[in-house]
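Asks: Kindly generate the corresponding structure for this input.
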Amino acid sequence: MITKSKKIKASFIAVVTVVLFFALSWYYVALINQALRTQTFLYLSEVGTRGVDLVESKVNNELENLKTTSKMIEASGNFDQVHMLNMIKLEAAEGDYKRMAIVLTNGDVVTSDGLSYNIADRTYFQAAVKGTAAVSDTINDYADDQPINVYAVPVFHDGQVVAVVAAAVETENMKKYLEVGSFSNQGYSYIVKANGDAVVTSAHVNSPGDFDNIIELLEKANLREGDKLETIITNMAAGKSGSFTNYYAGMERHTIYKPLAINDWYMMTVVPTKVISAQTSQISWYSLMLIAAALLAMSLLFAIILFYQDRSKKRLERIAYVDEVTGGNNWQKFKQEATEILESKTVTHCALLTFDIDRFRFINEEYGHEKGDQILQLVVKILQTRMAKQETYARVSGDHFAILCVCDDQDKITRRIKEFVRFLNKEREAIGIKEKLSCHFGIYIIEDKQANLEKIREKANMARIAAKTADNQRWFFYSDAFRKKIGNEKEIMDQMEDALENSEFEMYLQPKYNLHLNAYCGCEALVRWRHPQKGLISPGEFIPIFEQTGFIKKLDMFMLEAVCKVLKSWEEKKYPEISISVNVSRKNLRQTDFIERVLSITNQYRINRGNLEIELTESSIFEDVDRIIEIGEAFRNYGFKMAMDDFGSGYSSINLLGNLPLDVIKMDQGFFNSHLKREQNHIVVESTINMIKKLGMTVVAEGIETETEVEMLRALGCDIIQGYYFGKPMTVVEFEQQIFKNN
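Replies: Here you go, the predicted model:
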């Protein structure tokens with residue numbers, strides 16, 4: 001009985017032990033499943049956070065690019081819609097936009113591809129015109145009714161919004177970086193508004209496809225775990241995060257929803273439950289059937305979890321930090337590495353370089369986008385091999401790149417630039433590009449390593465744009481002088497219209513002396529700016545800016561009218577008749593109504609047209625010879641005289657000289673400045689004077705300051721002298737006193 005009792009007791013204990021073991025094993029497996037489920041939600045939450053960061057980064061980068069464009073427009077000071085549109089056309093052509101546009105404050109739009117419409121009712125425009133950079137929800141394009149998202153940034157002038165820079169991107173493009181890329185590529189993401197309206201849906205095979213409103217979709221689904229529908233609606237209205245599990249269209253899905261710092265957008269990151277179940281079912285089965293192997297199975301499970309976590313983290317890092325086209329660093333990775341480098345105590349001198357590839361759009365159009373991508377990949381390959389230990393690089397966007405260079409020596413930096421371009425052209429033929437590649441670089445020597453990296457890049461970008469707008473300049477260093485120059489230019493552009501209205505521009509006259517008659521025979525009208533605070537401003541400071549902005553056209557007309565007033569005044573005072581020459585900018589020569597406007601002014605004052613000499617610079621004449629012949633013949637037919645200024649300063653084409661309708665040739669002072677003592681120069685000047693006179697034109701020598709030069713030119717047969725020897729530029733009153741009243 002005792003033995004039986006013991007057996008019963010042992011059996012009971014064994015059974016209890018077995019049952020308890022199985023129960024504990026079951027409970028243990030259940031705990032593992034629950035822990036794995038919790039870990040999956042945590043990881044899914046991390047994936048969602050990364051996705052939020054990525055989307056916000058993408059949107060903010062686009063807005064920052066537009067802000068840089070906006071600041072350049074503000075710096076130009078010209079807020080004419082056509083002018084602003086011309087300033088963004090290069091970026092519109094080279095960027096990844098569907099189109100760009102300039103929007104006036106009333107909502108009138110002119111786009112980079114020639115469209116015009118009004119967007120006053122668009123929400124993003126209403127935000128931008130109030131001074132806030134904005135991105136639109138998914139809307140239909142006015143042009144082709146396709147879904148787009150629009151970035152909009154205000155343009156300020158004197159603290160007021162005067163226009164909006166806008167850039168449209170196809171919504172389909174946003175889907176490319178919404179794929180989660182984890183859970184064996186089964187996960188996906190989409191963006192909705194706080195009220196559930198779709199912004200960007202997902203094309204992933206596991207997604208429900210396109211939908212209008214996620215709340216309406218969830219009403220039809222079976223919510224099995226996590227937040228209830230009412231909680232989801234409340235959380236999204238309050239800007240809170242959450243998670244839920246739902247069953248819809250034959251599939252159960254885990255979903256994490258997180259707010260974006262963009263409008264009232266939410267990002268929903270989804271993974272099918274079956275993906276997680278597939279990872280755990282086999283472990284659970286063998287844990288129950290083979291208790292003895294439970295520890296091994298659990299160890300294997302943990303190994304799998306760690307493996308997937310590590311791989312998923314690498315994928316997330318790739319999404320967050322790797323450029324999808326080149327496989328190199330993106331701007332986020334650059335900012336991370338650059339910050340570490342700048343914070344390092346071992347690094348003392350740094351420079352940020354930004355550059356782009358010239359005519360990159362041509363490469364895409366001529367060879368296809370695949371070849372264009374190969375060029376971008378080649379750039380990254382060269383940069384990766386040329387970077388020093390504590391340097392980094394990134395493809396910022398399109399064909400725009402950035403480099404953090406541990407160096408502040410300008411010569412060394414330019415040598416590295418030349419070396420990079422040499423390597424680039426050495427390798428381009430291998431991928432089938434025939435045309436030589438070139439780049440424009442902007443360089444900012446970093447003075448304060450604690451400064452904001454975005455502001456540092458902005459300065460480098462300003463230098464890059466300066467290099468692109470300069471003649472024959474492939475790189476440009478940002479400097480205090482450059483910053484001051486931009487400030488001075490903006491100040492001049494801000495004041496020039498008021499200066500003209502307030503009569504701050506004055507006409508000065510420089511006498512001309514006829515060597516044959518030994519008498520004054522005329523003068524040249526020169527403009528001076530008498531600033532109320534700064535005093536007299538030299539033309540060299542403002543004329544180039546006026547040329548750039550087109551304001552020179554108004555100033556030309558002002559000077560032409562001032563000359564006509566003086567000529568009429570002299571006629572009424574019965575002074576001897578002499579001619580006045582007035583300079584005309586190449587900007588006016590391109591105007592179709594230029595001749596009519598000149599005639600209108602001269603007819604108003606009824607002057608003797610023979611006393612008005614229209615001066616064109618040598619460079620403007622040879623820029624468009626056919627146009628000059630047309631204008632010159634017309635003016636001569638109307639009785640005006642035509643003169644070429646600065647002859648011999650660098651553009652002369654002797655074989656064309658005889659075809660030009662000119663009366664006067666003004667030889668540049670470079671012919672004379674102390675060089676007439678050399679026999680060779682003496683021969684050149686003598687031959688040039690003889691040639692001009694044989695063509696039936698009058699010769700004027702400019703910049704003559706000494707008696708020796710005057711007598712030598714007299715001997716060579718020169719007709720007229722203009723220079724300090726016979727008189728500096730002077731006011732009209734001073735001119736009349738010296739020329740008319742003292743003779």
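Asks: and the closest residue to R361 other than its chain neighbours, what element?
Replies: Using C-beta to C-beta, 6 or more residues apart in numbering and skipping residues adjacent in sequence, the residue nearest R361 is A93, 5.0 Å away. Just so you know, the C-beta spots here come from the backbone N, C-alpha and C atoms, and that holds for glycine as well. Per DSSP states H and E: A93 is located in helix 81-94.
Asks: And for E711?
Replies: helix 707-715.
Asks: now A168
Replies: Following DSSP H and E, the helix or strand that holds A168 is strand 160-170.
Asks: Same check on V150?
Replies: If you go by DSSP H and E, V150 is part of strand 147-157.
Asks: For Q126, give me phi and psi.
Replies: Main-chain dihedrals, Q126, degrees, to the nearest 10: phi -60, psi -30.
Asks: What number of residues are in the vicinity of it?
Replies: Other residues lying near Q126 total 15 when counted by other C-beta atoms under 10 Å.
Asks: picking that back up, contacts for the helix holding A93, please.
Replies: Counting contacts by C-beta atoms under 8 Å, 6 or more residues apart in numbering, the residues outside helix 81-94 that touch it are 65, 69, 72-73, 76, 78, 99-102, 104, 108, 110, 112-113, 155, 163, 165, 167, 356, 360-361, 398-399, 468, 550.
Asks: Distance of the residue nearest to R361 relative to D356?
Replies: 12 Å (C-beta to C-beta, to the nearest Å).
Asks: same deal with V322?
Replies: To D356, V322 is 21 Å away according to C-beta to C-beta.
Asks: again, but for K274
Replies: K274 sits 46 Å away from D356, going by C-beta to C-beta.
Asks: higher neighbour count, the two?
Replies: D356 (22 against 14).
Asks: Let me see the ranges of the strands in the stretch 201-350 of the chain.
Replies: With DSSP state E, counting those that start in this stretch applied, the stretch 201-350 of the chain shows strands at 222-226, 242-248, 251-259, 265-272, 350-357, listed in chain order.
Asks: Any chance of TSV for those, columns distance to L342?
Replies: Output for these, formatted as TSV (distance: least, C-beta to C-beta, whole Å):
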stretch	distance to L342
strand 222-226	43
strand 242-248	38
strand 251-259	31
strand 265-272	31
strand 350-357	6
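Asks: need those in JSON lines with mean pLDDT and distance to E366, can you?
Replies: As requested, these are arranged in JSON lines below (pLDDT from 0 to 100; distance: least, C-beta to C-beta, whole Å):
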{"stretch": "strand 222-226", "mean pLDDT": "84", "distance to E366": "53"}
{"stretch": "strand 242-248", "mean pLDDT": "88", "distance to E366": "48"}
{"stretch": "strand 251-259", "mean pLDDT": "89", "distance to E366": "43"}
{"stretch": "strand 265-272", "mean pLDDT": "88", "distance to E366": "38"}
{"stretch": "strand 350-357", "mean pLDDT": "93", "distance to E366": "13"}
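Asks: Quick one, which of those strands gets closest to V700.
Replies: Judged by C-beta to C-beta, the one of the strands of the stretch 201-350 of the chain that comes nearest to V700 is strand 350-357, at 46.0 Å.
Asks: partner strands of the closest one, parallel or antiparallel?
Replies: Using DSSP bridges, the neighbouring strands of strand 350-357 in the sheet come out as strand 400-405 (antiparallel), strand 439-446 (antiparallel).
Asks: Ok, which of those comes nearest E429?
Replies: Taking the strands paired with strand 350-357 one by one with C-beta to C-beta, strand 439-446 is closest: 17.1 Å.
Asks: counting contacts, what elements does whichever helix or strand comes after the closest one pack onto?
Replies: Toward the C-terminus, strand 439-446 is succeeded by helix 453-469 as the next helix or strand (DSSP H and E). Applying 3 or more C-beta pairs under 8 Å, 6 or more residues apart in numbering; DSSP states H and E, we find helix 453-469 packed against helix 2-76, helix 331-343, strand 350-357, strand 439-446, strand 475-478, helix 480-501.
Asks: try it again with 10 Å
Replies: helix 2-76, helix 81-94, helix 331-343, strand 350-357, strand 400-405, strand 439-446, strand 475-478, helix 480-501 (3 or more C-beta pairs under 10 Å, 6 or more residues apart in numbering; DSSP states H and E).
Asks: By mean pLDDT, show me the worst of these.
Replies: The weakest mean pLDDT among those belongs to helix 2-76, with a mean of 71.
Asks: Is it possible to get a markdown table of the strands paired with strand 350-357 that adds mean neighbour count?
Replies: Converted to a markdown table, those look like this (neighbours: other C-beta atoms under 10 Å):
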| stretch | mean neighbour count |
| --- | --- |
| strand 400-405 | 24 |
| strand 439-446 | 23 |
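Asks: export those strands to JSON lines and tack on distance to I629?
Replies: Formatted as JSON lines, the strands paired with strand 350-357 follow (distance: least, C-beta to C-beta, whole Å):
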{"stretch": "strand 400-405", "distance to I629": "43"}
{"stretch": "strand 439-446", "distance to I629": "36"}
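Asks: quick one, which of those is nearest to A338?
Replies: Taking C-beta to C-beta, strand 400-405 is the member of the strands paired with strand 350-357 nearest to A338, at 4.8 Å.
Asks: can I get the CA coordinates of that closest one in PDB?
Replies: Extracted C-alpha coordinates of strand 400-405, given in PDB (Å, rounded to 0.1, in the frame of the first residue of the first chain):
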ATOM      1  CA  HIS A 400      23.600  70.100 -55.700                       C
ATOM      2  CA  PHE A 401      26.400  68.800 -53.400                       C
ATOM      3  CA  ALA A 402      28.100  70.000 -50.200                       C
ATOM      4  CA  ILE A 403      31.600  69.300 -48.900                       C
ATOM      5  CA  LEU A 404      33.000  70.100 -45.400                       C
ATOM      6  CA  CYS A 405      36.700  70.600 -46.000                       C
END
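Asks: Next SSE downstream of it?
Replies: Following strand 400-405 in sequence order, the next helix or strand is helix 410-428 (DSSP H and E).
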